[in-house]
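# quick one: sequence plus predicted model below, questions after.
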2 protein chains.
Amino acid sequence: MHQTARRRTIADVARAAGVSKAAVSFAFNSPERLSADTVARIRDVAAELGYRADPVARMLAQRRTMTVGILTPQSLDLMFPDPYFGALTAGIASAAEEAGYALQFISPLHGSLARAVHEASVDGVIAVGLWPDHSEIGEIRRSGVPFVLVDAIGFANESNVTVDDETAAEAAAGHVIELGHRDIAIIAFAPPRPEDASDSDQPGAGDISARRLAGYRRAVRAAGLGLSQDAIAWGPSEFEHGARAFRELVARGIRFTALLAMSDVLAIGALRAARDLDWRVPEDLSIVGFDDIELASYVDPPLTTVHQSPRDKGETALRLLLGRLDRSSDGRPEHRHVETCLKVRGSTGPAPRERQEVARDE
Amino acid sequence: MHQTARRRTIADVARAAGVSKAAVSFAFNSPERLSADTVARIRDVAAELGYRADPVARMLAQRRTMTVGILTPQSLDLMFPDPYFGALTAGIASAAEEAGYALQFISPLHGSLARAVHEASVDGVIAVGLWPDHSEIGEIRRSGVPFVLVDAIGFANESNVTVDDETAAEAAAGHVIELGHRDIAIIAFAPPRPEDASDSDQPGAGDISARRLAGYRRAVRAAGLGLSQDAIAWGPSEFEHGARAFRELVARGIRFTALLAMSDVLAIGALRAARDLDWRVPEDLSIVGFDDIELASYVDPPLTTVHQSPRDKGETALRLLLGRLDRSSDGRPEHRHVETCLKVRGSTGPAPRERQEVARDE
DNA sequence: TTGTAAGCGTTATCAG
DNA sequence: CTGATAACGCTTACAA
């Protein structure tokens, strides 16, 4: 089976058109530098030969790839099914397409994110969900590739886009407290840790999980309530885990009438598990999610959740990155907050009377 | 603001180590060809200098990019939020990571998929959801890049991975018919058409939408039932549209006790809309989806649907592509079917008595 | 075992 | 306004 006929090169066109390679290049990239005549002739010949500039050769010569990398802390296998990631990515893609940039996904290929970054041919990188003390983040700094952090806070001179997780979480907790709930449980996600750093079971100080938890805690404390360690279940943001976490909380004997989940995915999983155990939502249990993925309005009951627009986050992140890539702009690092607000839907309601007497299981 | 210090090149390392460029290259790519001593020395020097081979230069020299492109018929903006696409992509990513390939997403950049393909630097392409008469598919054929079709049937000498849509759809329809339903409505997705080809409102003969519809029809006909054109709503596979389509069917005055949706996303959207209009599922209405995305088990009631594993499809597609990329293998084109089966869950039940008398609205 | 040199296909520099 | 010619950074025959 023959390999396809060799691809036409710029040299072929130049020869056929009786001009230099440079002229052919100009005919496409700076037509104004050539006489209209030559341009037309060269383009004709090129079209006839089916000539297409080789993108790789072009990258090498221009020293830029017109590609941005999306850096994920976990394998893509795990990231792509996540609706939050999907929405975020859609935002990035939308802005990237507009600017003519292609997207490349970079995950810790064979263990090392750092290596993956170096092996990728990208002009810049958007790192999503890497927490600040992630060892790999140092590598990407060192690599010299411009980057923007999403959902993570880095050094002051690094661009990032975040939401005010703590305040948002506080609002979520405040909402159920106002509804009279006093027994609150939490499903938290610990950010993924590199295997070698699994010394502590709890996340570091600066990551999303910690910030949201701090917000929940602040509201709980402000209401004079307690929150026992047992009332918190940890795990990855997956439907399946949301369900498991719910069952685990029940199995632990925790009493709760309100459940705060750090993502809608977790919340929806928990919702399912609650239904399976014949808990009524919101009569027996109020659930609050986080993210407001599209799906949140489509489950039953529609999910009360903290709205943040992952799509906007993505778009913003890409624009910031573009700013850093553009050598003509000043490219100052920027820290952008995306607004959040609590969307009250059907999954939360007044605390059930009969349970209200039970309290203080701290 | 200084641009980062110039990246170290292979020449820098060669000079510093007192060897030739070739030696440095060998030290990393074919260490067995050098004495263990020199390899060690070169690597030390390289590490000290922080040398990393430029991936683009390497691509040019090797004439391969170790990247596969994923070709989508619509902008990524629209694709990424789709859970089906997410799962499919996860499968592709999983197999790609294993094989050391990076992923690049190619969407019709500024209208032209063809151009996008040419501008992408990939060794091969997985085209998802392009229907066979898609004009762009000719372009990709002509470009000479090896490719695999997913959810589409091309020429006999082209690899593809599909499911038996017609049989699967027939099973879905058969299921509700067995449950006694006689009034059936359908939410179908027309594959996206290029703007210029919007001559016909109905899809061509070979695409998914047509195949599934044929399956539904076959079951309906076999049961001696009718299916009026009005009982079919068309549109893109989005939650939002599923809801809209349901409302439209109702508004049209169609009577139906069973709803067949061509995707779970559409089904879930319809489910929501039905709830909002106080239809009980499955008491008043049975709904069957298609795909069995993870979410299908998490909605309420859990969705009866045609199970197919988009993840497997993705993995399979990538492996087929790898086969075509590997020059050492024979690389024969293969046509792979992924198995489907009907998952009966809570969204379907016996036809409501009181509606059974009403029939034949063909 | 190691070095030399010829590509790879563009773009960019700089004379003509 | 054109067109040689030199990068770009690496791989890989082929020599030594």
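That came through, no problem.

# from now on I want contacts and neighbour counts done on CA atoms only, so please keep to that.
Will do.

# which non-adjacent residue is nearest the closest residue to DNA strand D within the stretch 151-300 of chain A?
Residue of the stretch 151-300 of chain A nearest DNA strand D, by Cα to the nearest atom of the strand: A:Glu158 (25.0 Å). Spatial nearest neighbour of A:Glu158, excluding adjacent residues (Cα to Cα, 6 or more residues apart in numbering or on different chains): A:Pro333 at 5.3 Å.

# what residues are up against the one you found?
A:156-159, A:320, A:324 (Cα atoms under 8 Å, 6 or more residues apart in numbering or on different chains).

# can you rerun that using 6 Å?
A:157-159 (Cα atoms under 6 Å, 6 or more residues apart in numbering or on different chains).

# next one: A:Leu285
So A:Leu285 contacts A:257-258 (Cα under 6 Å, 6+ apart).

# rewinding a little: any idea how far A:Arg324 is from the residue nearest to A:Glu158?
Separation of A:Pro333 from A:Arg324 (Cα to Cα, to the nearest Å): 7 Å.

# ranges for the helices of chain A?
In chain A, the helices defined using DSSP state H lie at A:10-17, A:21-29, A:36-49, A:55-62, A:76-79, A:83-99, A:113-119, A:135-143, A:165-178, A:208-222, A:239-251, A:264-276, A:310-325, A:353-356.

# least confident of these, on average?
Note on these: lowest mean pLDDT is at helix A:353-356, with a mean of 55.

# still on that earlier bit, export the helices of chain A to CSV and tack on mean neighbour count and distance to B:Phe28?
Shown next, in CSV, are these (neighbours: other Cα atoms under 10 Å in any protein chain shown; distance: least, Cα to Cα, whole Å):
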stretch, mean neighbour count, distance to B:Phe28
helix A:10-17, 18, 32
helix A:21-29, 17, 34
helix A:36-49, 15, 39
helix A:55-62, 16, 21
helix A:76-79, 22, 27
helix A:83-99, 23, 34
helix A:113-119, 20, 14
helix A:135-143, 16, 19
helix A:165-178, 22, 45
helix A:208-222, 20, 39
helix A:239-251, 20, 42
helix A:264-276, 25, 44
helix A:310-325, 23, 31
helix A:353-356, 12, 67
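
# any chance of these in a markdown table, with distance to B:Ala188 too?
Output for the helices of chain A, formatted as a markdown table (distance: least, Cα to Cα, whole Å):
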| stretch | distance to B:Ala188 |
| --- | --- |
| helix A:10-17 | 47 |
| helix A:21-29 | 44 |
| helix A:36-49 | 41 |
| helix A:55-62 | 39 |
| helix A:76-79 | 29 |
| helix A:83-99 | 23 |
| helix A:113-119 | 41 |
| helix A:135-143 | 46 |
| helix A:165-178 | 38 |
| helix A:208-222 | 40 |
| helix A:239-251 | 27 |
| helix A:264-276 | 27 |
| helix A:310-325 | 27 |
| helix A:353-356 | 46 |
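
# may I have the phi/psi pair for the residue nearest to A:Glu158?
Note on A:Pro333: backbone dihedrals following degrees, to the nearest 10 are phi -70, psi 140.

# can you check the one 5 residues further on too?
Note on A:Val338: its backbone torsions stand at phi -100, psi 140 [degrees, to the nearest 10].

# from A:Arg211, how far out is the residue of the stretch 151-300 of chain A closest to DNA strand D?
20 Å.

# go on, A:Leu130?
For A:Leu130, the distance to A:Arg211 - Cα to Cα - is 14 Å.

# again with A:Val68
From A:Val68 to A:Arg211 the distance is 28 Å (Cα to Cα).

# again with A:Gly314
20 Å.

# and the stretch 151-300 of chain A, which residues reach chain B?
A:272, A:298-300 (Cα under 6 Å from any Cα of the partner chain).

# can you pick the most crowded of those residues?
Of all those, the highest neighbour tally under other Cα atoms under 10 Å in any protein chain shown goes to A:Arg272, namely 25 neighbours.

# mind listing what it touches?
Taking Cα under 6 Å, 6+ apart as the test, what A:Arg272 contacts is B:Tyr298.

# repeat that with 8 Å
By Cα under 8 Å, 6+ apart, the neighbours of A:Arg272 are A:243, B:298-300.

# what residues are up against A:Ser107?
A:71-76, A:113, A:116.

# swap in A:Arg33?
A:Phe26.

# ok, A:Asp326 - how many residues close by?
When neighbours are counted by other Cα under 10 Å, A:Asp326 comes out with 10.

# pLDDT value on it, please?
79.

# equivalent analysis for A:Leu109, please.
65.

# ramachandran coordinates for A:Gln74?
phi -120, psi 170.

# from A:Leu113, how far out is it?
When A:Gln74 is compared with A:Leu113 (using Cα to Cα), they lie 9 Å apart.

# rewinding a little: adding distance to DNA strand D, write the helices of chain A out as CSV.
Formatted as CSV, those follow (distance: least, Cα to the nearest atom of the strand, whole Å):
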stretch, distance to DNA strand D
helix A:10-17, 9
helix A:21-29, 5
helix A:36-49, 6
helix A:55-62, 4
helix A:76-79, 26
helix A:83-99, 24
helix A:113-119, 11
helix A:135-143, 13
helix A:165-178, 42
helix A:208-222, 37
helix A:239-251, 42
helix A:264-276, 43
helix A:310-325, 17
helix A:353-356, 67
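
# circling back: weed out the non-buried ones from the contacts of A:Pro333.
A:158-159 (16 or more other Cα atoms under 10 Å in any protein chain shown).

# so A:Phe290 touches A:Pro310, yeah?
No - using Cα atoms under 8 Å, A:Phe290 is not in contact with A:Pro310; the gap is 11.1 Å.

# tell me the bridge partners for A:Ala233.
A:Ile187 (DSSP bridges).

# residue contacts, the residue of the stretch 1-150 of chain A found nearest DNA strand D?
Among all residues of the stretch 1-150 of chain A, A:Leu34 sits closest to DNA strand D, at 3.1 Å; criterion: Cα to the nearest atom of the strand. Residues in contact with A:Leu34 (Cα under 8 Å, 6+ apart) are A:23, A:26-27.

# and it, how far from chain B?
Distance of A:Leu34 to chain B, given as Cα to the nearest Cα, to the nearest Å: 24 Å.

# A:Leu277: neighbouring residues, count only.
So A:Leu277, with other Cα under 10 Å, has 11 neighbours.

# for A:Arg255, same thing?
So A:Arg255, with other Cα under 10 Å, has 18 neighbours.

# run a quick neighbour tally on the nearest residue to it once chain neighbours are set aside.
The shortest distance from A:Arg255 to any non-neighbouring residue, by Cα to Cα, 6+ apart, is to A:Asp183 (6.5 Å). Using other Cα under 10 Å, A:Asp183 is surrounded by 27 other residues.

# state the distance from A:Asp183 to A:Ile232.
Taking Cα to Cα, one finds A:Asp183 at 12 Å from A:Ile232.

# contacting residues for A:Ile42?
A:13-14, A:17, A:24, A:27.

# as CSV, the residues you listed with distance to A:Leu285 would be great.
Shown next, in CSV, are the contacts of A:Ile42 (distance: Cα to Cα, whole Å):
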residue, distance to A:Leu285
A:Val13, 71
A:Ala14, 74
A:Ala17, 76
A:Val24, 70
A:Ala27, 68
